[in-house]
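*Asks:* just a sequence and a predicted model for now, questions to come.
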Amino acid sequence: MANWLTCKVIKKIQWNERLFSLRIQSDFHDFESGQFIRVALDINGERIARPYSLVNTAADNYLEIYFNIVPEGPLSPKLAELQPGDEILVSDKANGFLTVSEIPPCKHLWMLATGTGIGPFLSILKADSAWQRFEKIVLGYSVRDLSELSYREQIAAIKKQHDKQFVFVPFITREKVAGMINQRIPASIEDASFEQSAGIKLDEDSHILMCGNSAMISRVTELLLDRGLRKHRRREPGHITTEKYH
């Protein structure tokens, strides 16, 4: 059972009216990129906790979470009100299997994210292990409008550093934006536009990590299973890994 660490917010980023990132001062760094922690606040005498993926790497001297406000939620609106210097509770243990060490041997790594599901993939992309293992890494990042396409500067820096190895394919579903796919990820797999943009195939040389909207994960999984790909399990290595902790 994880213990709670009392930490402090050191930076707050507001991406738009509903999307926020919090950078947290903490001595906890015992995690692998792609994992999540639990974050909590004491609200009206009750400790309210939720899981959040870490955007940072273990080499950073802070923790960072990326989240959206759930209007009727008990925690996220309160998290959005925090300011630098405010206290926040963080678990001292990370969990999750959306990590490079869990991926069986393959040539290409695909990471498919909707909304705040980009968090664990940013952590993976900023660490070294994935770049040492895969010939190509594709990030598909789907949001509703351009204001939700957070962390663009970090993604651009990753592209600059790993230009030949990294492919970034952004999706905008509710407005037309030049240079981006203007439909959902499942539809772009069905019509092959995703693979055309990536320049490689979703096939048995691939491993696919997915995080975000459950409808996207379910539909993409169906499409990949139809191609003969398999869900990954430790005892039965496959091609598809998802993380459902909501």
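*Replies:* Sure thing, it's come through.

*Asks:* start and end of stretch 59-75, how far apart?
*Replies:* In stretch 59-75, first residue to last residue: 28 Å (C-alpha to C-alpha, to the nearest Å).

*Asks:* I200 contacts K136, correct?
*Replies:* Yes: at 5.6 Å, I200 counts as touching K136 under the criterion of C-beta atoms under 8 Å. Glycine gets a C-beta too; all of them are placed from N, C-alpha and C.

*Asks:* joint contacts of these two?
*Replies:* H108, V167 (C-beta atoms under 8 Å, 6 or more residues apart in numbering).

*Asks:* distance of T57 relative to E64?
*Replies:* From T57 across to E64, the span is 10 Å (C-beta to C-beta, to the nearest Å).

*Asks:* which ones are touching Q183?
*Replies:* Applying C-beta under 8 Å, 6+ apart, we find Q183 in contact with F171, T173, S193.

*Asks:* among these, which lie within helices?
*Replies:* Among those, DSSP state H puts S193 in helices.

*Asks:* going by distance to A2, which of the contacts of Q183 wins?
*Replies:* The nearest member of the contacts of Q183 to A2, counting by C-beta to C-beta, is F171 at 34.5 Å.

*Asks:* next one: that closest one, what pLDDT does it get?
*Replies:* As predicted, F171 sits at a pLDDT of 98.

*Asks:* what's the lengthiest helix in the chain packed up against?
*Replies:* As assigned by DSSP H, the longest helix anywhere in the chain is helix 214-226. Counting contacts by 3 or more C-beta pairs under 8 Å, 6 or more residues apart in numbering; DSSP states H and E, helix 214-226 is packed against strand 108-114, helix 185-190, strand 206-211, strand 240-242.

*Asks:* just the helices in this protein please.
*Replies:* Assigned by DSSP H, the helices in the chain fall at 76-81, 119-126, 129-133, 152-161, 185-190, 193-198, 214-226.

*Asks:* please identify the deepest-packed of those helices.
*Replies:* Highest mean neighbour count among the helices of the chain (mean count of other C-beta atoms under 10 Å): helix 119-126, with a mean of 25.

*Asks:* and the angle from that helix to helix 152-161?
*Replies:* Between helix 119-126 and helix 152-161, the angle comes out at 30 degrees (axes from the mean of the first three to the mean of the last three C-alpha atoms, to 10 degrees).

*Asks:* report the mean confidence score over the longest strand belonging to the chain.
*Replies:* Across the chain, the longest stretch assigned as strand under DSSP state E is strand 4-14. Average pLDDT, strand 4-14: 98.
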